[in-house]
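Colleague: Sequence plus the predicted model coming up.
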Amino acid sequence: MPHRELRREFQENVKQRFWMYRPESFLKYTKEKFQLDINPCSIEETNQIADIESADKPDITLLGKTIEQHQQQSKNLSEIIQNINWDKVIEQHKQQSNNLSEIVQNINWDKVIEQHQQQSKNLSEIMRYDE
């Protein structure tokens, strides 16, 4: 359906009514009105092309529903974020940081370095052996 403004502009400038047909309707109307011999295959091909073209256009209703769903999800997410006990989250984070600090402090770094040196030495020996 053409926009109302287009029909109004056409009426004002041409002083005629505006008619707009879908291609398949136009072929059928022309065939009947002017008793023309239009191949039925032409009408069918026109229908197929119209179906393909309409499939390429977005479904406005579906888009509207999708937008509404996203708005609702955003609202839900906002409510969830507002209801988070941030003090508790911060306290848990601090506790985990403290736990990690304790773990790191309790690592026997001398032993880690010793093991690393031993692995490097073993790797060097393996590489010399392969040569």
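Modeller: That came through, no problem.
Colleague: And the helices in this protein?
Modeller: 4-14, 23-34, 40-56, 60-82, 86-105, 109-130 (DSSP state H).
Colleague: elements contacting the fifth one?
Modeller: Counting contacts by 3 or more C-beta pairs under 8 Å, 6 or more residues apart in numbering; DSSP states H and E, helix 86-105 packs against no other helix or strand. For the C-beta atoms, the positions are set from N, CA and C on the backbone; glycine is no exception.
Colleague: Report the rounded mean pLDDT for stretch 92-109.
Modeller: The predicted model assigns stretch 92-109 a mean pLDDT of 91.
Colleague: can you check stretch 66-80 too?
Modeller: In the prediction, stretch 66-80 has an average pLDDT of 86.
Colleague: oh, and call the first residue 20 from now on, that's how I've got it
Modeller: Understood, numbering begins at 20; the last thing we discussed is stretch 85-99.
Colleague: Now that stretch - C-alpha only, CSV.
Modeller: Coordinates of the C-alpha atoms in stretch 85-99 are reproduced here as CSV (Å, rounded to 0.1, in the frame of the first residue of the first chain):
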residue,chain,number,x,y,z
THR,A,85,11.7,-8.6,19.1
ILE,A,86,12.2,-5.0,20.2
GLU,A,87,9.6,-5.4,23.0
GLN,A,88,11.3,-8.6,24.1
HIS,A,89,14.7,-6.9,24.2
GLN,A,90,13.3,-4.0,26.1
GLN,A,91,11.7,-6.4,28.7
GLN,A,92,15.0,-8.2,29.0
SER,A,93,16.9,-4.9,29.5
LYS,A,94,14.4,-4.0,32.2
ASN,A,95,14.8,-7.4,33.9
LEU,A,96,18.6,-7.1,33.8
SER,A,97,18.4,-3.6,35.2
GLU,A,98,16.3,-4.9,38.1
ILE,A,99,18.7,-7.7,38.7
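Colleague: Kindly report the domain assignment for this structure.
Modeller: Domain segmentation of the chain under automatic domain parsing yields 20-77, 104-150.
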